[in-house]
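S.K.: Just to be clear, the model below is a prediction. Sequence and coordinates:
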Amino acid sequence: MPITEMFNDLEKVIAWAKRTGCYTNKSTGLHMNVSIPGFDLSNLDYVKLILLTGDNYILHSFDRRFNSWCKSTFDILESNIVNMSESDILDFFTKLKSELKFGSREIFDGYYTKYISINAKDNRIEFRGPGGDWLNSNINWLKIVLSRFVVVLNATMHGKEGEENYKKKLYKLMSQYVSNNDILKAFVNFSVDRDTSSLKTNIKNKPKIVKHPLVQISTTADKIKQQKLSPQNITQQPSVDQPEINDEISKKSID
């Protein structure tokens, strides 16, 4: 079903539900199943999908951040990184240089449980983050979220679209947990496509800088971005034209 038809059906469902006295509350899910032409699970870069989607912000916006039925995939990814040694992280970045998509599966391949916010299926992705009292949400906000899923899935599945922004987000995430200068240098070189082959890999493990995986720190910029994109501030129907997924994505996307 094309996304424009899905928008029309969503409007009809909401109108019918309100007309017949239906209601939604914090226990309600609004799972969005998305596929694209040429969908092939073997080509999915799950880490890229998590980072470009803005998983935790979606969960926050629907008040489902700690819902047990849609556990944050970002938290799972971050927890996996926390448990890596510094030498493992350096080896991981070496693999990424040869094949970003398949190298990322070293830290998360998507096989977990269906009760996660981004659940990969054979022929589609089930986004379980939306929900709560969505019948009383701004419908344009729901359309923006669905459009976001479609655009990011396409960027994740096909080619190198969004790759530069993906690398920067991956660097930002992983660099929080290392203190070794050689590894930090590898991070920087990786994010700007420089050669990392000359770096030594015989690095002694050092105590990891561990942040609790469920604690997220919001910067002033993040708060401004969230305020602009919050459901209450959406008044116009979004365009369904696919935006570019590149450096400009930080201005349009949900971190």
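M.R.: That came in fine, so what should we check first?
S.K.: which helices and strands sit right next to the strand or helix carrying Arg148?
M.R.: If you go by DSSP states H and E, Arg148 is part of helix 139-157. Under the contact criterion of 3 or more C-beta pairs under 8 Å, 6 or more residues apart in numbering; DSSP states H and E, helix 139-157 touches helix 3-19, strand 32-34, helix 46-53, helix 55-61, strand 125-127. C-beta here means a position set from N, CA and C on the backbone, and glycine is covered the same way.
S.K.: Next one: Lys121 relative to Arg128, how far apart?
M.R.: The gap separating Lys121 from Arg128 is 11 Å, by C-beta to C-beta, to the nearest Å.
S.K.: neighbour-wise, which of the two wins?
M.R.: Each of Lys121 and Arg128 has its neighbours counted (other C-beta atoms under 10 Å); Arg128 has more, 25 against 12.
S.K.: residues contacting that one?
M.R.: Gly29, His31, Trp69, Cys70, Tyr115, Ile116, Ser117, Ile118, Asn119 (C-beta atoms under 8 Å, 6 or more residues apart in numbering).
S.K.: In strands, which of these fall?
M.R.: With DSSP state E as the criterion, strands contain Ile118, Asn119 from among the contacts of Arg128.
S.K.: If we only consider the contacts of Arg128, which is nearest to Val152?
M.R.: When those are ranked by distance to Val152 (C-beta to C-beta), Ile118 comes first, at 9.9 Å.
S.K.: That closest one: neighbouring residues, count only.
M.R.: For Ile118, using other C-beta under 10 Å, the count is 25.
S.K.: Excluding chain neighbours, give the residue nearest to His31 in space.
M.R.: Arg128 (5.0 Å; C-beta to C-beta, 6 or more residues apart in numbering).
S.K.: how close does that neighbour get to Leu51?
M.R.: Here Arg128 is placed at a distance of 17 Å from Leu51 (C-beta to C-beta).
S.K.: Among the contacts of Arg128, the buried ones, what's the PyMOL command?
M.R.: In PyMOL syntax, the buried subset of the contacts of Arg128 is picked out as below (16 or more other C-beta atoms under 10 Å):
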select buried, resi 29+70+116+117+118+119
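S.K.: List just the nearest of the contacts of Arg128 to Lys12.
M.R.: Nearest to Lys12 out of the contacts of Arg128 is His31 (C-beta to C-beta; 18.1 Å).
S.K.: Who is the residue lying closest to Leu146 once chain neighbours are set aside paired with across the strands?
M.R.: Leaving out its chain neighbours, the residue that sits closest to Leu146 by C-beta to C-beta, 6+ apart is Met32, at 5.6 Å. Under the criterion DSSP bridges, Met32 forms beta bridges with Phe127.
S.K.: ok, now how distant is Met32 from Tyr177?
M.R.: 31 Å.
S.K.: Would you mind telling me which of the two has the busier surroundings?
M.R.: A count of neighbours by other C-beta under 10 Å puts Met32 above the other of Met32 and Tyr177, at 21 against 18.
S.K.: quick one, what contacts the more buried one?
M.R.: Glu126, Phe127, Pro130, Val145, Leu146, Phe149.
S.K.: Reformat the residues you listed as a markdown table; add pLDDT.
M.R.: Below are the contacts of Met32 laid out as a markdown table (pLDDT from 0 to 100):
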| residue | pLDDT |
| --- | --- |
| Glu126 | 95 |
| Phe127 | 96 |
| Pro130 | 95 |
| Val145 | 95 |
| Leu146 | 95 |
| Phe149 | 96 |
